[in-house]
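**Student:** Model the structure of this input:
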Amino acid sequence: MTVSTTIGSFLKQTRKAQKLTQQAVASGICSQAMLSAIEHDKYIPNVALTLALCQRLGLSLETLSLAENYAISQTPDLNAKLDHLCNAHQYRDLLAFLQDPATLATITTSAQTEAYYYYLSIAEYQTHNESTLTHIKLALAQHVAGTPLTAMDRLCFATKAVLEVAANQTTDANHDFATAFQQLETTSYVPNLNILFYLHALTAYQAGDYLTCAKRIQAGIDFATAHGSHYMLANDYYLLAEAAQKLADVDTQREASQRAAIFKDLFGDAIFRDF
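**Tutor:** Numbering: from 1, shown residues only. Below is the predicted model:
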């Protein structure tokens, strides 16, 4: 098992997409020869050098540090509070916020309703409430049959599958994961789609199927980098390292652990470690 996506290829893809020469990117940071070595995976840059190169390529920490949350209201302040609670993983406060009548009163559209029930199911799952599956079903009930799946729809199907795995409803989970990934290549890309691969891989890890986990997470890494995204890569590489350790694949474990640390330090991504 090998890791096909590297820091070098990530930088190279970004540089070429911007039609920049190696000399232009390296100027004042490192030699062109060193950048070439990085892009061809002959030299692994430290965090400081990687950060400098990413900043040269316009990969801003501020704009790339988080995928976007979904609006549950027409009120900007409420959406901002949702963002804060989600990003801070304050799930008990999030649950109280979502159950507040003042929050409920501002939800007006089906898209907002779907997002509301999605966040409610996540908050309940994290606080160990048993009604989670009911609320993710209510979220999916907002989808109009026969219309293309949105990113939110796909997240709901994947989340429902995770909950079904936990409830030993394997057949339903497999169906919902298949639905989440259905015709994904024709869907307009948003970074939140990267989460689908992580959730799919995590369920395999939790089931003790580490080879399947590694294959699924590698697919997620390839998907993210093919779209020029870093979102979830720190977590992806960390999970890959954990699976590789279980498989006694020392080389992949070491390589993936190093990349998890680089993306964590570079973009400030929080790594989920409680499997």
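**Student:** Show me the shaky parts of the stretch 101-250 of the chain.
**Tutor:** 129-131 (pLDDT under 70).
**Student:** mind listing the strands for it?
**Tutor:** Counting by DSSP state E, counting those that start in this stretch, the stretch 101-250 of the chain has no strands at all.
**Student:** mind listing the helices for it?
**Tutor:** 101-104, 110-126, 132-140, 151-166, 170-181, 194-206, 210-226, 233-246, 250-267 (DSSP state H, counting those that start in this stretch).
**Student:** looking at those helices, which is closest to residue 30?
**Tutor:** helix 250-267 (16.1 Å; Cβ to Cβ). C-beta coordinates here come from the backbone N, C-alpha and C atoms, glycine included.
**Student:** re earlier: please identify the most buried of the helices of the stretch 101-250 of the chain.
**Tutor:** When the helices of the stretch 101-250 of the chain are scored by mean count of other Cβ atoms under 10 Å, the highest mean neighbour count falls to helix 233-246 (a mean of 24).
**Student:** what distance separates it from the middle of the whole chain?
**Tutor:** 13 Å (Cα atoms, centre = their mean, to the nearest Å).
**Student:** packing partners for it?
**Tutor:** Applying 3 or more Cβ pairs under 8 Å, 6 or more residues apart in numbering; DSSP states H and E, one finds that helix 233-246 contacts helix 194-206, helix 210-226, helix 250-267.
**Student:** related to what we said a few turns ago, need the helices of the stretch 101-250 of the chain in JSON lines (columns: distance to residue 55).
**Tutor:** Below are the helices of the stretch 101-250 of the chain laid out as JSON lines (distance: least, Cβ to Cβ, whole Å):
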{"stretch": "helix 101-104", "distance to residue 55": "38"}
{"stretch": "helix 110-126", "distance to residue 55": "33"}
{"stretch": "helix 132-140", "distance to residue 55": "38"}
{"stretch": "helix 151-166", "distance to residue 55": "28"}
{"stretch": "helix 170-181", "distance to residue 55": "34"}
{"stretch": "helix 194-206", "distance to residue 55": "22"}
{"stretch": "helix 210-226", "distance to residue 55": "19"}
{"stretch": "helix 233-246", "distance to residue 55": "17"}
{"stretch": "helix 250-267", "distance to residue 55": "10"}
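**Student:** Residue 73: which of those helices is closest?
**Tutor:** helix 110-126 (6.2 Å).
**Student:** before we move on, back to that, quick one: closest of the helices of the stretch 101-250 of the chain to residue 20.
**Tutor:** Closest among the helices of the stretch 101-250 of the chain, using Cβ to Cβ: helix 210-226, at 17.8 Å.
**Student:** Export only the CA atoms of the closest one, formatted as CSV.
**Tutor:** Taking Å, rounded to 0.1, in the frame of the first residue of the first chain, the C-alpha atoms of helix 210-226 are listed here in CSV:
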residue,chain,number,x,y,z
TYR,A,210,-8.4,-1.7,8.1
LEU,A,211,-7.5,-2.5,4.5
THR,A,212,-10.9,-1.2,3.3
CYS,A,213,-10.5,1.9,5.5
ALA,A,214,-7.1,2.6,3.9
LYS,A,215,-8.5,2.2,0.4
ARG,A,216,-11.5,4.5,1.2
ILE,A,217,-9.4,7.2,2.8
GLN,A,218,-6.9,7.2,-0.1
ALA,A,219,-9.8,7.7,-2.4
GLY,A,220,-10.8,10.7,-0.2
ILE,A,221,-7.2,12.1,-0.4
ASP,A,222,-7.2,11.8,-4.1
PHE,A,223,-10.6,13.4,-4.4
ALA,A,224,-9.7,16.4,-2.3
THR,A,225,-6.4,17.0,-4.0
ALA,A,226,-7.9,16.6,-7.4
